[in-house]
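A.B. asks: attaching a predicted model along with its sequence, questions to come.
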Amino acid sequence: MVTLKTQLTLEEFLALPETDLNYELINGEAVPKMAPKRFHSRLTVTLCTLLTQWCQNQGEIGIEWAVILKKNNRDWVPIPDLLYISYTRLPLDRFIDEACPLPPELVIEIISPDQTFGQMSEKAIDYLNAGVLRVWVVDPKAKTITIFYPDAPPQTKRDEAILTDNLLEGLQFTPQQIFQQAGII
C-alpha cells in the first residue's frame, strides 16, 4: 500500500508509483477511484466501441485516462470513465505515455451505485469550468444520458432520443441503442 502525504503538487502526484488502485488529484490529495462494477464496465466497453467507430482518424478515445485540469485555480487530475480528444487538440505525433495534458472535447462519467446524479452534475460543471467542451453523465438506473454544455442548460436524453452534437460531427446514436448493446435492458 502506498502511503501518501496530505498535500501533493502536480509533479509529485504524477510521479507516484503505479499501483492496483487509480488515484485522482483533488485539492492536493491523492484520492482513490473506486473500481467499476459490471454495468459500469459494460457501458464503458459499449461507449468506447461506438465512439471509436465514430472518431476514426479524428481523435482518440481514452478509458480511465487521467487528464490534467484546473479546479478553483488548483491542479486537478480526474480520471474520467471515457474521454475524447481530437487530433486538432492533441496531435497524434505527440505520442507520449502521460496524463492527457489538455482538456478534451468530451468527458463521459458513468454513475456508480455509490454516486448520485447531483454529485456527478457538480463534477460535470467542474469539467466545463476547466475547459472541457461537453460532459455526458450516464445513469444506468434511469437509462439516461445527460449532456452538459458550457453555454446552455443540460439536456437529458432517453429511449430513442438521438444523441447528436455539432461539436461531435457525424456522431449519432440513442440511449436505447447504448443500453441495449451493453445488455442493460
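C.D. replies: Okay, I see it.
A.B. asks: drop to CA atoms for contacts and neighbour counts, all remaining ones
C.D. replies: OK.
A.B. asks: burial check on His40, number of neighbours?
C.D. replies: When neighbours are defined as other CA atoms under 10 Å, His40 has 21 of them.
A.B. asks: which secondary structure state does it sit in?
C.D. replies: At His40 the chain is in helix, as set by DSSP: H, G, I helix; E, B strand; the rest coil.
A.B. asks: pretty sure it is touching Ile110, no?
C.D. replies: Yes: using CA atoms under 8 Å as the test, His40 is close enough to Ile110 to be in contact (6.5 Å).
A.B. asks: where along this protein do the helices fall?
C.D. replies: Applying DSSP state H to the chain gives helices spanning 10-14, 38-54, 117-129, 175-181.
A.B. asks: on that earlier part again, mutual contacts of His40 and Ile110, please.
C.D. replies: Contact criterion CA atoms under 8 Å, 6 or more residues apart in numbering; residues shared by His40 and Ile110: Pro140.
A.B. asks: where does the chain dip in pLDDT?
C.D. replies: Confidence mapping of the chain against pLDDT under 70 gives the ranges 1-5.
A.B. asks: let's see 80
C.D. replies: The chain contains residues with pLDDT under 80 at 1-6, 20-21, 34-36.
A.B. asks: tell me, what residue is most central in it?
C.D. replies: In the chain, the centroid-proximal residue (CA atoms, centre = their mean) is Pro80; its distance is 3.0 Å.
A.B. asks: quick one: contacts for that residue?
C.D. replies: Ile63, Glu64, Trp65, Ala66, Val67, Val107, Ile108, Glu109.
A.B. asks: tell me which of the residues you listed fall in strands.
C.D. replies: When DSSP state E defines the strands, the subset of the contacts of Pro80 inside them is Ile63, Val107, Ile108, Glu109.
A.B. asks: nearest to Cys48 among the residues you listed?
C.D. replies: Ile63 (7.5 Å; CA to CA).
A.B. asks: wait, that closest one touches Tyr84, no?
C.D. replies: No: Ile63 is not in contact with Tyr84 according to CA under 8 Å; the separation is 9.2 Å.
A.B. asks: which one's more surrounded, the two?
C.D. replies: Neighbours per residue (other CA under 10 Å) separate Ile63 from Tyr84, with Tyr84 holding more: 23 against 16.
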